[in-house]
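K.L.:
Next come a sequence and a model predicted from it.
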Amino acid sequence: MRESIGRGVGEADLGAVRAAMRALLESRGYAVASDTLGLRSELYILGPGDLARALFEFATDAQDAAESLYQSGSWAAGMPQRFAVLPSRELESPSMELIEQMRVIPVAFEVGPQGVAFPDLDRLMHEHLEP
């Protein structure tokens, strides 16, 4: 299912992509949180006890996403499921190998006249997050 939220979003405007993802996740009934100080751009889906159940890292480049996830320690065992939200063209990047080795799930986004779309989000959430 293709989901779109927002209009007139430029591909490099990750704030708009993040806002669209947050709105979409909340519309699906997920409790969503983020860094209240605004120092980090990730979104989190909260689970029992308000613990993070999933982390969404936003980037316009697969290499940047991989480096950020690696440097922040978001690759360690026992961490919540991680998703790298990237432009669909980045799914062909050689840097995707590192993302896959860290067991991070890529989520493609596209920007079009109808706004930001996450074509595979429902399938990915079902496969990697639902019980």
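P.N.:
Yep, that arrived.

K.L.:
For the rest of this, base every contact and every neighbour count on C-alpha atoms.
P.N.:
Noted.

K.L.:
helix/strand/coil for the residue of the chain most remote from its centre?
P.N.:
Each residue of the chain has a distance to the centre, and by CA atoms, centre = their mean the biggest one is for residue 49: 21.9 Å. Counting by DSSP: H, G, I helix; E, B strand; the rest coil, the backbone at residue 49 sits in helix.

K.L.:
What separation do you get for it and residue 14?
P.N.:
Residue 49 is 29 Å from residue 14, where distance means CA to CA, to the nearest Å.

K.L.:
Can you read off the pLDDT for the residue farthest from the centre of the chain?
P.N.:
On pLDDT, residue 49 comes in at 89.

K.L.:
Run a quick neighbour tally on residue 98.
P.N.:
Counted by other CA atoms under 10 Å, the residues lying close to residue 98 total 16.

K.L.:
Name all residues that make contact with the closest residue to it other than its chain neighbours.
P.N.:
Nearest residue to residue 98 in three dimensions, chain neighbours excluded: residue 66, at 6.4 Å (CA to CA, 6 or more residues apart in numbering). Contact analysis of residue 66 by CA atoms under 8 Å, 6 or more residues apart in numbering lists 95, 96, 98, 99.
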